[in-house]
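Trainee: Provided below are the primary sequence and the corresponding predicted coordinates.
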Amino acid sequence: MKLENYNATVEIVPPKTAEITDFLDRAFDYLKDFKSFQNYMENVTGITEEEKDSEIYHTWEVFVEGVDLQWKQKTVADADSRAVRFRLVDGDLEMLEGAWIVGNDESRYTIQLQADFCLGMPVIEEVLGPVLREKLEINSYTMLNSIKEKLEEVTHDEKE
């Protein structure tokens, strides 16, 4: 069982006229909108959302190199830390957990994905692992850059 760690980060720059809190809250709102992720992630073929006992679950369907993967994750949005944490509850992966985060260290602002995952089968890990990691990188940066563009568009529209 090979544990993979992954981190993708994109810097977002609020315009000088933007209210920083509103800007960061808007970024967090985009990160919470899991159902829209399939519009930006080429290998994601479907994401469904389900609420059960006041908890939110998302089921992901992904197609990578001829292999269909599916998993269900529990998703928890924490507005105070502007993080959307997720943890695998069922599916084709052995382990998956992480977070989509709006980062703010007072000198720069970021949106990021941090994830730990394990495919769980050594033969599949050798063959599919590197490809899955590459697709994860492409898809996550596409997603993060799309959110960045949406933030810039909305902020630009507000200035006009």
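Mentor: Great, that's in hand. Numbers count the residues shown, from 1 in each chain.

Trainee: May I ask you to confirm that residue 86 is in contact with residue 96?
Mentor: Yes: Residue 86 is in contact with residue 96 according to Cβ atoms under 8 Å; the separation is 7.4 Å. In short, each C-beta sits where N, CA and C put it, glycine included.

Trainee: what's the overlap in contacts for the two?
Mentor: Taking Cβ atoms under 8 Å, 6 or more residues apart in numbering as the criterion, residue 86 and residue 96 both touch residue 73.

Trainee: what stretches of the chain score poorly on pLDDT?
Mentor: Low-confidence segments of the chain (pLDDT under 70): 1, 18, 121-125, 127-128, 154-160.

Trainee: which residues in this protein form strands?
Mentor: Per DSSP state E, the chain carries strands over the ranges 4-12, 44-52, 55-64, 67-78, 83-91, 95-104, 109-118.

Trainee: Out of those, the one nearest residue 145 is which?
Mentor: Ranking the strands of the chain by proximity to residue 145 (Cβ to Cβ) places strand 4-12 first, at 5.9 Å.

Trainee: for stretch 75-88, which positions count as buried?
Mentor: 75, 77, 82, 83, 84, 85, 86, 88 (16 or more other Cβ atoms under 10 Å).

Trainee: ok, the last one - contacts?
Mentor: Shown here is residue 88, whose contacts under the criterion Cβ under 8 Å, 6+ apart are 71, 72, 73, 95, 96, 97.

Trainee: How about residue 95: what's its closest non-neighbour residue?
Mentor: Spatial nearest neighbour of residue 95, excluding adjacent residues (Cβ to Cβ, 6 or more residues apart in numbering): residue 118 at 4.2 Å.

Trainee: Thanks a lot, catch you later.
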